[in-house]
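Enquirer: quick one, what's the 3D model for this:
(2 chains, ligands or ions: 2)
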Amino acid sequence: MNYVALKMLFGDRAKYLMLLCGLTFSVMLIVQQGSIFWGLMMWSQASISNVNVPIWVTDPGIAQVDEVKPIASTAVDRVRSVDGVEWAVPLYKGLLRARLASGDYHQITLTGLESSTLIGRPAEVLEGRFEDILQPDAVVLDQWAVERMGGPGIVTVGTIFELNDKLARVVAIAKTQKSFTNIPVVYTTYERALRYVPRERRALSYVLAKAKDGLVVDDVIQRIREQTGLGAFTEEDFGVKTIMWVLKNTGIGINFGTTILLGFIVGMAIAGQTFYLFTVENLRQFGALKAMGASGLTLARMILLQAFTVGLTGYGLGIGLATVFGFLTARGGSLPFVETWQLLLLVLIALLTICAVSALISIVKLARLEPAIVFR
Amino acid sequence: MDDHTQPAAVRARGIVKSFGTGDTQVTVLRGIDLDIYLGEMLLLVGESGGGKTTLLSAIAGILDIDAGDIDVLGVPLSRLPPGKRTVFRGQTMGFIYQQFNLLPALTAAENVAIPLLIQKIGRHEAIQRARAMLDRVGLEDRTEFLPKNLSGGQQQRVAIARALVNEPRLLICDEPTAALDGPNGQKVMALLREVGRSPDRCVVVVTHDSRVFQYGDRMARLTDGRIVGIESIVREGTA
Ligand SMILES: Nc1ncnc2c1ncn2[C@@H]1O[C@H](COP(=O)(O)OP(=O)(O)OP(=O)(O)O)[C@@H](O)[C@H]1O
Ligand SMILES: [Mg+2]
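Expert: Ligands and ions are numbered 1, 2, ... in the order given. Predicted coordinates for the structure are as follows:
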């Protein structure tokens, strides 16, 4: 009877396509929304992932990475002296205004890397050599800085501009993950960063560190906290903390959360509804089968087979379309779109559940159905 | 044909069936007694809304009755649990409806094969037997057609083939000619008599259509929820 079930499903091409479209659309909607949301979240912690170090030491009251709370410059040595720390380096991060030769001003994030190791530098360089950052007045921009400041025609390797009336010369363009605020990033050395910014009592933004191999990172982090009184986080925890902060303190959490939730509910409702309607419309056919002696179990198996067949097909098409969409719009990283397997799994489970539930409703309806309807 | 020596294949006694409750309750069957014998074709007539379909559904065991007993081939159908009743129905009964009730997505042969598939007969064999059955109703050249590409009369012949494919002992037909024009109705009734009627099968046909009365052996009239008369139909040329 499986054969009959599939024939019933595919036989009415128009109805089948409607059903498939409904499911495909819902899956696509959810995956697309979810991926954009997750992409945004990735952007919001881009300042962390771009630096790519295992441990961040911060002010104990830090809320998120982009809201720098400077710490005493002695912190670097104090972290180094904690048992189990392999290395620790300073990182400067602050907002500054850049003045181009044209007279245009742009707000930028100045990032100062420790000069002997350049720990925290971007992994990929698009133009020039990152090591040239050690030359006098040298800075490295990320590709978003080039874009925001007027494109490669205006800013490129060799361009000279002013940071706080002091000279800066672009020696390389690095590739970074776009950040949420989309403020251009200018890299320099830690020492030179302090010379660019106005004198402050505390200039150190973060200490970046790594635990010795073979040690439990969380133990080392705990020791750093206890011995320095500072905050310390794994890269991942700091990212989560930042994402949570963004969710709570910007409209994104509420707005996007509702959109996604609605998309999810609407999508799933469409999916369930269309399949339910499909079986209701076929009720007479099922009734005829029942009158011919098909058992409730047989009919239930047929409906489940139909539900999961169309469900899985819709799932495949839906994620396919969403992925193509993501590929087309997010090419080059200028739009947020991060499709994770967790999201795909979640959607799969939700979809299979919804298919099973609507199939179950239909099965119950069918069980209650008087096969006598076929006489009418 | 009035003196039946063998026991009745279908034996209904005191069947009562009402629909609804309270003020809106209508009692449709008020104590039906009816015997149907193997080898005969019994016509069931009566005014519209009189309860003929209800009685057929009860005999088929697809409608629960309020009181009375129905035995089919010695099995007390009205006292069988629903699951067993369904299996029994699949093995012993065939149905023909006014609205053919063919599955639109399946070819004629596949439609006819369904009762066999339900009996867990392999698809290949089921289709073979379905084709043979379609041959017997004169549709050997239409086996791969979808119902929508068949005329009404042809669809009903497919339905007849489907009802007969697993050699049911009881064939139940509810106004099989009502959706067909005169000549097609005659053809279908003739086919029911030729192919459907057999010594070890009883055929019940509900009909309104006086033009097809001649095809039956006996006629039972249902009025006011009771069988008020059973008469033998005299057929010219045959006994
Ligand atoms: N499921 C039901 N619920 C409520 N009332 C019903 C139901 N089925 C039948 N009836 C009522 O029972 C009565 C008999 O119906 P039934 O269909 O058996 O008549 P019938 O003799 O077959 O009529 P027709 O010749 O028009 O087909 C009608 O009044 C109908 O309204
Ligand atoms: Mg009727």
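Enquirer: skip the chain neighbours and tell me the closest residue to the closest residue to chain B within the stretch 101-250 of chain A.
Expert: Residue nearest to chain B within the stretch 101-250 of chain A (CB to the nearest CB): residue A:247, separated by 48.8 Å. (Each C-beta comes from the backbone N, C-alpha and C, glycine too.) Leaving aside its sequence neighbours, residue A:247 sits nearest to residue A:253 (CB to CB, 6 or more residues apart in numbering or on different chains; 3.3 Å).
Enquirer: pretty sure that neighbour is in a strand, no?
Expert: No. Counting by DSSP: H, G, I helix; E, B strand; the rest coil, residue A:253 is not part of a strand but helix.
Enquirer: and the pLDDT at it?
Expert: With respect to pLDDT, residue A:253 scores 77.
Enquirer: and the helix or strand containing residue B:12, anywhere near ligand 1?
Expert: Assigned by DSSP states H and E, residue B:12 belongs to strand B:10-19. Yes. Judged by CB under 6 Å from any ligand atom, strand B:10-19 comes into contact with ligand 1 at residue B:19.
Enquirer: do that strand and chain A meet?
Expert: No. Strand B:10-19 is not in contact with chain A by CB under 8 Å from any CB of the partner chain; minimum separation 10.9 Å.
Enquirer: elements contacting that strand?
Expert: In terms of contacts (3 or more CB pairs under 8 Å, 6 or more residues apart in numbering or on different chains; DSSP states H and E), strand B:10-19 is packed against strand B:26-36, helix B:52-60, strand B:67-72.
Enquirer: where are the low-confidence patches of the chain?
Expert: As the question left the chain open, I've gone with chain A. Regions of chain A meeting the criterion pLDDT under 70 cover residues A:332-333.
Enquirer: switch to chain B, that's the one I care about
Expert: Applying pLDDT under 70 to chain B picks out residues B:1-4, B:235-239.
Enquirer: which residue ranges form the strands in it?
Expert: Using DSSP state E, the strands of chain B run over B:10-19, B:26-36, B:41-45, B:67-72, B:75-76, B:93-96, B:170-174, B:202-206, B:218-223, B:226-232.
Enquirer: right, so of those strands, which gets closest to residue A:352?
Expert: Closest to residue A:352 of the strands of chain B, according to CB to CB: strand B:93-96, at 35.9 Å.
Enquirer: how about residues contacting the closest one?
Expert: Residues from elsewhere that reach strand B:93-96 (CB atoms under 8 Å, 6 or more residues apart in numbering or on different chains): A:291-293, A:374, B:60, B:72, B:115, B:156, B:159-160, B:162-166, B:168-174, B:176, B:192.
Enquirer: just checking: what are the partner strands of it?
Expert: Strand B:93-96 sits in its sheet next to strand B:170-174 (parallel), going by DSSP bridges.
Enquirer: adding distance to residue B:131 and mean neighbour count, write the helices and strands packed on strand B:10-19 out as a markdown table.
Expert: Output for the helices and strands packed on strand B:10-19, formatted as a markdown table (distance: least, CB to CB, whole Å; neighbours: other CB atoms under 10 Å in any protein chain shown):
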| stretch | distance to residue B:131 | mean neighbour count |
| --- | --- | --- |
| strand B:26-36 | 31 | 18 |
| helix B:52-60 | 27 | 24 |
| strand B:67-72 | 29 | 19 |
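Enquirer: sorry, back to before: the residue of the stretch 101-250 of chain A closest to chain B and residue A:238: what is the separation?
Expert: 15 Å (CB to CB, to the nearest Å).
Enquirer: neighbour count: these two, which is higher?
Expert: Neighbour tally, residue A:247 and residue A:238, criterion other CB atoms under 10 Å in any protein chain shown: the higher count belongs to residue A:238, 24 against 18.
Enquirer: residues from chain A in reach of chain B?
Expert: Looking at chain B, the residues of chain A close enough under CB under 8 Å from any CB are A:1, A:3-4, A:7-8, A:10-12, A:284-285, A:288-296, A:298, A:370-372, A:374-376.
Enquirer: got a quick ChimeraX command for the buried subset of these?
Expert: Filtering those down to the buried ones (16 or more other CB atoms under 10 Å in any protein chain shown) takes a single ChimeraX command:
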select /A:1,4,7,8,11,12,284,285,288,289,290,291,292,293,294,295,298,371,372,374,375
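Enquirer: of all the helices and strands packed on strand B:10-19, which one is nearest residue A:136?
Expert: When the helices and strands packed on strand B:10-19 are compared by CB to CB, helix B:52-60 sits nearest residue A:136, at 98.3 Å.
Enquirer: helix/strand/coil for the residue in the stretch 251-376 of chain A that chain B sits nearest to?
Expert: Minimum separation of the stretch 251-376 of chain A from chain B (CB to the nearest CB) falls at residue A:293, amounting to 1.8 Å. Three-state call for residue A:293 (three-state DSSP): coil.
Enquirer: for the residue most central in space within chain B, name its beta-bridge partners.
Expert: The centre of chain B sits closest to residue B:172, judged by CA atoms, centre = their mean, with a distance of 1.0 Å. Beta-bridge partners recorded for residue B:172 (DSSP bridges): residue B:95, residue B:204.
Enquirer: so what does the strand or helix carrying residue A:140 touch, helix or strand wise?
Expert: In the assignment (DSSP H and E), residue A:140 maps to strand A:138-142. With contacts defined as 3+ CB pairs under 8 Å, 6+ apart, strand A:138-142 has these neighbours: strand A:166-175, strand A:185-189.
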